[in-house]
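Chemist: curious how this folds, go ahead:
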Amino acid sequence: MPQAKDISYPILLKEQGIIKPPSKNRESGWEIDKISSYLKSTDNSICAHLGYHPDFVTAIKSRNTIIIQLIRDPRDTIIAHYHSFHRIDRPQNVFNFYFDDGKRLSEKDDPLLWCIRLAPYWWKGWLPWIENKVPDMILRFEDLVGPNKRQIIGQLAEKIGPEFSVDEALARIDPNKSMTFRKGLVGEWKNEFQPHHIKLFEEIMGYTMETLGYKI
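Modeler: Reported below is the predicted structural model:
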């Protein structure tokens, strides 16, 4: 029997007729059974971009596991995606999608506007974790790099247990040294969103912002 499949972000966009994924190895989607089996069996902590699926929740809840969900202001996430997708030195970037007009994201007249249009689909994978009240704790990136980060990390330590060192965690939180972040700045979107970008964002991202607890 073939493994159950689910769609990843690029596949969701493809199914909606928005893009044509440029890489064939992205078209199979997630192997739900395989991931669920791993979640049940691993003894390690896992840090992953794991979209919601009920089978994942069942697998995680079958163990004594603490679920921490890290979120970031979607506007800054859009800026990060924009600079990632639009990098000239990475024309074959797997997220530099082809659209139905035959153009890649980087070839659009206003690629940032298109990144905003794609944003609701990006968050479609992450919101159900919160909507279904699955995480034991939700961490905001803004809090982790803000003035009260020691207090926030202390709350995380209370969840995880005595083996978690607040001082060691604080020493490791440095967006400038992370491969994940280009800059890791808070509020960078204010320097790049133009009025028409803000207008579109407010029109299509209201529910996402409310669910995440951010103000537009």
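
Chemist: how close does the spatially most central residue of the chain sit to residue 186?
Modeler: Nearest to the geometric centre of the chain sits residue 49, at 6.2 Å (CA atoms, centre = their mean). Per CB to CB, to the nearest Å, residue 49 is found 20 Å from residue 186. Yep, even glycine has a C-beta here, placed from its N, CA and C like the rest.

Chemist: kindly report the same for residue 132.
Modeler: For residue 132, the distance to residue 186 - CB to CB - is 28 Å.

Chemist: again with residue 32
Modeler: For residue 32, the distance to residue 186 equals 35 Å [CB to CB].

Chemist: is it correct that residue 69 is in contact with residue 137?
Modeler: Yes: using CB atoms under 8 Å, residue 69 is in contact with residue 137, at 7.5 Å.

Chemist: this structure: strands as residue ranges?
Modeler: 5-6, 19-20, 30-31, 68-71, 98-99, 137-140 (DSSP state E).

Chemist: now the fifth one: how far from the chain's centre is it?
Modeler: Right, strand 98-99. Relative to its parent chain, strand 98-99 has a centroid offset of 21 Å by CA atoms, centre = their mean, to the nearest Å.

Chemist: tell me where the model's unsure across this protein.
Modeler: Applying pLDDT under 70 to the chain flags residues 1-12, 14-30, 85-95, 171-184.

Chemist: and residue 63, what does it touch?
Modeler: Residues near residue 63 by CB atoms under 8 Å, 6 or more residues apart in numbering: residue 40.

Chemist: redo that, cut-off 10 Å
Modeler: Residues in contact with residue 63 (CB atoms under 10 Å, 6 or more residues apart in numbering) are 39-43.

Chemist: what's the burial count for the closest residue in space to residue 141 that isn't next to it in sequence?
Modeler: Once flanking residues are discounted, residue 141 sits nearest to residue 72: 4.0 Å by CB to CB, 6 or more residues apart in numbering. Residue 72 is flanked by 18 other residues according to other CB atoms under 10 Å.
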